[in-house]
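S.K.: Sequence first, predicted coordinates after that:
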Amino acid sequence: MADTCGTLVKAAAVLKENGAKSVLALVTHGILSGSAIETLNSSVLEALVVTNTVPLGNKVERVCVPGPALTVWAMC
């Protein structure tokens, strides 16, 4: 679950600081509340994939990480 994304972004930064060439995140429940979009946009994440278990509305268009941005996977 990614709510405000603070922990996710801090973990990504630690991975990069310790030699990771790129960091991607896969999240089951992308709540993305509060300042999550701004937090993600200023992070080292190159891509973020979330499932559609939580309605995202216009949040998909607002995430601007360097890679393929925010991808939503449908859960059947």
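M.R.: Everything's here; your move. Numbers count the residues shown, from 1 in each chain.

S.K.: quick one: the closest residue to L26 other than its chain neighbours from N18, how far?
M.R.: Nearest residue to L26 in three dimensions, chain neighbours excluded: V49, at 4.8 Å (Cβ to Cβ, 6 or more residues apart in numbering). C-beta: built from backbone N, CA, C; applies to glycine. From V49 across to N18, the span is 22 Å (Cβ to Cβ, to the nearest Å).

S.K.: now do A2
M.R.: 21 Å.

S.K.: The two: who's more crowded?
M.R.: A2 (23 against 7; other Cβ atoms under 10 Å).

S.K.: residues contacting the closest residue to I31 other than its chain neighbours?
M.R.: Spatially, and ignoring its direct neighbours in sequence, I31 is nearest to D3 (4.5 Å; Cβ to Cβ, 6+ apart). When contacts are counted by Cβ atoms under 8 Å, 6 or more residues apart in numbering, D3 touches 31-34, 36.
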